[in-house]
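> here's my sequence, what's the structure:
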Amino acid sequence: MSITDQDRRAFDVIIAHADGGCVLSRSRRNVQGGLQAASPLVPHGARTIVLKRARIPSHAFSEGGPAARAARRGVRFALAEGANACWQDWRNSSVTSHDGRVRPDHPIIARAFGQVQSAKSLRLMLRDPLAFLWRYALGWRSLVEDEQPLSLDVRAYGELVHEMLKCAVDALEPNPGYGRAARHEIEAVLVAACVAIGSQWPLERSVPPLLLWRHTLAAARDLALTALTLDEPFQPNTRSWTELAFGREEDDPDAAADLLWPPNAEVIIPGAGVRIRGSIDRLDFNSARNGVRVSDYKTGAEPPKANEIVLRGGAEVQRVLYALAARQLVPDNPRVIARLVFLGADQPKPHRLLDVDQAIANIGTHLSAAGDLLRRGVALPGPDARENWNDFRLALPAVRTTYFQTKQAALGRAFGDFARIWSAR
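Okay, here's the model as predicted:
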């Protein structure tokens, strides 16, 4: 059917359903000002009323007509008004609702704060409250890239190394035992872990092309070997676990029976009342001496003054959380050693947390202040919002440097004393 026939049929259907009458409106002149003929759809002999140029009929409705434009304005007005207000607020030197200011005691924020927290959520709470609101109160997530990468990102590479550590230690425990295993036995189980992970990961997630994937596996295996051979031989009666979970909200029917505690064991940060969950990279327990050593492995390079790190302004909280879990879940008040190891260093070495109890007290104080900040409705962007790796940078102004320069003074006043956390060790 031609376009003309389609128009005629549609026109006939419309006319047939016009019970009270039908009014056709048209312009006598085109956009260049010349006279134009009426549409062939207009019936011959129909009564015609010529309107003056200034008068627009109230019933006119066409794609470019005033009624259609008004309808489109009605649909889009709220969205356009909101976008314009956001644009103006971003250029305003004061803190506004478009910067993260919400009403105090908002129930959605209270619900997000009351959930079981992870090391990632606690870092956002301390270093980027606005991203915490977006992720855990509103449920926003960054888009997962499905294309085949040429290399694993930092997070995925860290997960790869940790999974190799888990496979190796699980294979060595309890017989012959990781602490009693020789170097060649550790190398053998790492080779087996490399083969298993190398065939399993491509079925579950995107990995680099085959040659690059093999190179990535070899590099991860070398880092895992460094981590497992870093320490001196263990004392007798020592048992090791990797990826030892705590604080899970659901039961794990596949959990091993010889774990130090059940995976759903509850851990609460004192002073803040925050429940936490996670998996300890590695835990060594000496039953004879009632001593626990937890290790937090980082695959990156060692930062300056690594031996002075406690919480690193809220950026390094895992080691303290591991120590807290061991302190609360191992009976009889064990002696806890908490270590941080940067495997990407030229010569990796463990950095011990000098005062475990003080670090636990500090994180409780910091999280209590963060909770008070969120309850007051100050969910503003923190220092992590300025980083290029920030998953939520797409929701921030495109020119972030100019935005933060404009807002710097107002953000400083809004955060107040809370900002001191970011400069702490």
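> how close does the residue of the chain most remote from its centre get to A38?
Taking C-alpha atoms, centre = their mean, the residue of the chain most remote from its mean C-alpha position is G45, at 68.8 Å. Separation of G45 from A38 (C-beta to C-beta, to the nearest Å): 12 Å. All C-beta atoms are positioned from the backbone trio N, CA, C, and that covers glycine.
> cool, V95 as well?
Following C-beta to C-beta, the distance that separates V95 from A38 is 60 Å.
> more neighbours: these two, which one.
V95 (19 against 13; other C-beta atoms under 10 Å).
> wasn't the more buried one part of a helix?
No. V95 sits outside any helix when classified using DSSP: H, G, I helix; E, B strand; the rest coil, being coil.
> which SS state does D296 fall under?
strand.
> distance of it relative to L225?
Counting by C-beta to C-beta, the gap from D296 to L225 is 18 Å.
> of these two, which one has the most company?
Neighbour count, other C-beta under 10 Å: between D296 and L225, D296 has more, with 24 against 19.
> give me the beta-bridge partners of the more buried one?
L340 (DSSP bridges).
> for it, which residues are in contact?
Each residue near D296 by C-beta atoms under 8 Å, 6 or more residues apart in numbering is listed here: 281, 316, 318-319, 322, 338-341.
> look at it and report its pLDDT.
Note on D296: pLDDT of 94.
> how close does it sit to A323?
Taking C-beta to C-beta, one finds D296 at 9 Å from A323.
> shared neighbours of the two, anything?
A338.
> list the buried residues for the strand or helix carrying A410?
For A410, the host element (DSSP states H and E) is helix 400-415. Buried residues in helix 400-415, counting neighbours by 16 or more other C-beta atoms under 10 Å, are found at 400, 403-404, 406-407, 410-411, 414-415.
> same question, stretch 416-423
So stretch 416-423, judged by 16+ other C-beta under 10 Å, has buried residues 418, 421-422.
> mind checking pLDDT for the nearest residue to F11 once chain neighbours are set aside?
Leaving aside its sequence neighbours, F11 sits nearest to L41 (C-beta to C-beta, 6 or more residues apart in numbering; 5.0 Å). Looking at L41, its pLDDT reads 83.
> count the neighbours of L41 for me.
Counted with other C-beta under 10 Å, L41 comes out at 13.
> my guess is it contacts D5. True?
No. Assessed by C-beta atoms under 8 Å, L41 is found out of contact with D5, at 11.8 Å.
> ok, then the element right after the helix or strand bottoming out on mean pLDDT in the chain?
Taking mean pLDDT, DSSP states H and E as the measure, the helix or strand of the chain with the lowest value is helix 66-90, at a mean of 73. Next along the chain after helix 66-90, taking DSSP H and E as the criterion, comes helix 107-113.
> just checking, what packs against that next one?
Helix 107-113 is packed against helix 356-375, with contacts defined by 3 or more C-beta pairs under 8 Å, 6 or more residues apart in numbering; DSSP states H and E.
> what angle do the helix it packs on and helix 400-415 make?
Angle of helix 356-375 versus helix 400-415, following axes from the mean of the first three to the mean of the last three C-alpha atoms, to 10 degrees, is 100 degrees.
> this structure: strands as residue ranges?
Taking DSSP state E as the test, the strands found in the chain are 238-246, 267-269, 274-276, 278-286, 291-298, 335-342, 350-352.
> out of those strands, which gets nearest to R393?
strand 291-298 (22.9 Å; C-beta to C-beta).
> can you give the contact residues for the helix holding A410?
90-95, 99, 101, 373, 378, 380-382, 385-386, 393, 396-397, 419.
> try it again at 6 Å.
93-95, 378, 380, 397 (C-beta atoms under 6 Å, 6 or more residues apart in numbering).
> any of those buried? List them.
Buried among those (16+ other C-beta under 10 Å): 95, 378, 380, 397.
> now do the residue nearest to C167 when sequence neighbours are not counted against G179, distance only.
Take C167 and drop its neighbours on the chain: the residue closest to it by C-beta to C-beta, 6+ apart is A193, 3.6 Å away. Note on A193: its distance to G179, by C-beta to C-beta, is 18 Å.
> these two: which has the busier surroundings?
A193 (23 against 18).
> same question for stretch 250-263: list its buried residues.
260-261, 263.
> report the mean confidence score over that stretch.
Stretch 250-263 comes out at a mean pLDDT of 79.
> picking that back up, adding pLDDT and distance to E185 as columns, could you present the contacts of helix 400-415 in TSV?
Conversion of these to TSV gives the following (pLDDT from 0 to 100; distance: C-beta to C-beta, whole Å):
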residue	pLDDT	distance to E185
S93	93	64
S94	94	64
V95	94	59
V378	95	54
L380	95	52
P397	91	55
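> for the buried residues of stretch 416-423, which one is nearest W241?
I421 (31.7 Å).
> am I right that that closest one is in contact with H366?
Yes. Between I421 and H366 there is a contact under C-beta atoms under 6 Å: 5.2 Å.
> where do the helices sit along the stretch 151-300 of the chain?
Here the stretch 151-300 of the chain has its helices, by DSSP state H, counting those that start in this stretch, at 154-172, 183-204, 210-228.
> just name the most buried of these.
helix 154-172 (a mean of 19; mean count of other C-beta atoms under 10 Å).
> packing partners of it?
When contacts are defined as 3 or more C-beta pairs under 6 Å, 6 or more residues apart in numbering; DSSP states H and E, helix 154-172 packs onto helix 183-204, helix 210-228, strand 238-246.
> kindly export the second one (C-alpha atoms) in CSV.
Pointing back at helix 210-228 there. Only the C-alpha atoms of helix 210-228 are listed here, as CSV (Å, rounded to 0.1, in the frame of the first residue of the first chain):
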residue,chain,number,x,y,z
LEU,A,210,44.8,-17.1,25.4
LEU,A,211,48.4,-16.1,25.2
LEU,A,212,47.9,-13.0,27.4
TRP,A,213,45.7,-15.1,29.8
ARG,A,214,48.6,-17.6,30.2
HIS,A,215,51.0,-14.8,31.0
THR,A,216,48.5,-13.4,33.5
LEU,A,217,48.2,-16.7,35.2
ALA,A,218,52.0,-17.1,35.4
ALA,A,219,52.4,-13.7,37.0
ALA,A,220,49.6,-14.4,39.5
ARG,A,221,51.2,-17.7,40.4
ASP,A,222,54.6,-16.0,41.0
LEU,A,223,52.9,-13.5,43.4
ALA,A,224,51.1,-16.3,45.2
LEU,A,225,54.3,-18.2,45.6
THR,A,226,56.0,-15.1,47.0
ALA,A,227,53.1,-14.7,49.5
LEU,A,228,53.3,-18.4,50.6
